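Colleague: take this sequence and fold it.
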Amino acid sequence: MSNEQSLTNIYNTMVSNNEIQRNISQQTLVSELEKLTRKLEQKKALNVSVAGRVFSKFRFTKALEKNQGVYIHGGVGIGKSMLMDLFFKYLNLKEKKRIHFHEFMKGIHQLIKNAREKNERDPIKSVASDYIKNIHVLCLDEMQITDVADAMIVGRVFEEFFKKKLILVTTSNRHPRDLYKNGLNRKLFLPFIDIMVSNLNIEKLSAPLDYRKIKISGKKKYFLSTSPEDTFQFNELISDFNLRKGSGIKIQMNSREFVMGRFQSGVGLLTFNEICSIPMSSSDYLEIISHLRLLFLDDIPDLSNGGDDSAKRFINLIDSIYDQKVELLCRADVVPEKLYTFGKNKFEFERTVSRLFEMQSTNWPVKGKSS
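Modeller: Purely as a prediction, here's the structure:
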């Protein structure tokens, strides 16, 4: 990495271009990731020569063994994924992989199942070893352990990773010691926490302001599909977040999976049909919304004509968004008070209309308020 392409310079340029707001905890993390980048690239340079391999094997393995990566944690919307992605993008190394944690675990489970069918003596160890055969650096986004099946194997998997000197950079909303909190048989999960804490630098990100709020500050929040001007403005805001090229996210909800294809760094884009025309419980909506700080919701129809079931799901969705204080920008066929003028859920829908108006306020969300 050249000085011009250093993570610090790239970060400063983003600040200068008003893409993000300068933040002390982000700057500290950028410095940490830059140090890791330089160590890895120096090791790569030494490995070019035969003689260099002898020195690098001792010198840089020794330098990295007490720092096999970074665990980045903090609330939603403070730049964890953004900074990890910067590290990944500018790391001059072919042997690297970036994947969402749920997708990673889904793949690991399938590989272990395949290994067991082949009667491997130690399927978890062999799968972990094979998985990183051509990977020196692994970036995992949104580490979250909610499933007992994941909790029972991650310790063995990551123990093997670190034995093989894998460098890990991961993001999470929780400190390692808060992962799988109150989970079934959690005591069997505790060795994994010790592995993470002892092998990784734990970095907390905090921010007085969500950098995403800057982009929508003072902007309209409710748009009409019948207005060409509204449609243009709505699509322009979506473009500001590059959502149509987003990495996407797979969200585990009990035994099923919800895929949000247009998602990036806590910002998501969904159509009404994608989230309100399929069976969803209140807990499903809470799980989905927990991954967001800003939701673009498009193509909301007039629900008055036979839309009772969809109206009920919309009520639950808005309640989840409201309770978790997530920003909502939406485009609908009609104004809020005309979305559902008659039907069996009309009385309950009045609260939804009220909340839609409240969430259009420049003061939304009001910290500490929930009703």
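
Colleague: now do the same for the residue lying closest to residue 252 once chain neighbours are set aside: helix, strand or coil?
Modeller: Distances taken as C-beta to C-beta, 6 or more residues apart in numbering put residue 102 closest to residue 252, at 5.6 Å, once the chain neighbours are dropped. The way it works is simple: take the backbone N, C-alpha and C, and place the C-beta from them, glycine included. Under the three-state scheme (DSSP: H, G, I helix; E, B strand; the rest coil), residue 102 adopts helix.

Colleague: run through the residues that contact residue 102.
Modeller: 142, 144, 249-252, 257 (C-beta atoms under 8 Å, 6 or more residues apart in numbering).

Colleague: out of the residues you listed, who's the most crowded?
Modeller: Among these, residue 249 has the most neighbours (other C-beta atoms under 10 Å), with 23 neighbours.

Colleague: Three-state assignment for residue 144, please.
Modeller: Applying three-state DSSP: residue 144 is coil.

Colleague: and it, how far is that from residue 41?
Modeller: Plainly put, residue 144 is 31 Å away from residue 41 if you go by C-beta to C-beta, to the nearest Å.

Colleague: so for stretch 301-312, what gets flagged as buried?
Modeller: 301, 303-304, 307, 310-312 (16 or more other C-beta atoms under 10 Å).

Colleague: now, the residues you listed that are in strands?
Modeller: Of the buried residues of stretch 301-312, none are assigned to strands by DSSP state E.

Colleague: nearest to residue 225, of these?
Modeller: Residue 225 has its nearest neighbour among the buried residues of stretch 301-312 in residue 301, at 9.2 Å by C-beta to C-beta.

Colleague: tell me the helix or strand right after the helix-or-strand element of the chain with minimal mean pLDDT.
Modeller: None of the helices or strands of the chain scores lower by mean pLDDT, DSSP states H and E than helix 50-64, at a mean of 45. Going down the chain from helix 50-64, the next helix or strand is strand 69-73, by DSSP states H and E.

Colleague: what mean pLDDT would you report for whichever helix or strand comes after that next one?
Modeller: Per DSSP H and E, the first helix or strand lying C-terminal to strand 69-73 is helix 80-90. Averaging pLDDT along helix 80-90 yields 92.

Colleague: which residues touch residue 71?
Modeller: 168, 170, 172, 176, 196, 200-203.

Colleague: and those as JSON lines, adding neighbour count, distance to residue 37 and secondary structure?
Modeller: Converted to JSON lines, these look like this (neighbours: other C-beta atoms under 10 Å; distance: C-beta to C-beta, whole Å; DSSP: H, G, I helix; E, B strand; the rest coil):
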{"residue": "168", "neighbour count": "20", "distance to residue 37": "14", "secondary structure": "strand"}
{"residue": "170", "neighbour count": "23", "distance to residue 37": "16", "secondary structure": "strand"}
{"residue": "172", "neighbour count": "21", "distance to residue 37": "21", "secondary structure": "strand"}
{"residue": "176", "neighbour count": "18", "distance to residue 37": "23", "secondary structure": "helix"}
{"residue": "196", "neighbour count": "25", "distance to residue 37": "21", "secondary structure": "helix"}
{"residue": "200", "neighbour count": "21", "distance to residue 37": "16", "secondary structure": "coil"}
{"residue": "201", "neighbour count": "18", "distance to residue 37": "14", "secondary structure": "strand"}
{"residue": "202", "neighbour count": "13", "distance to residue 37": "19", "secondary structure": "strand"}
{"residue": "203", "neighbour count": "20", "distance to residue 37": "15", "secondary structure": "strand"}
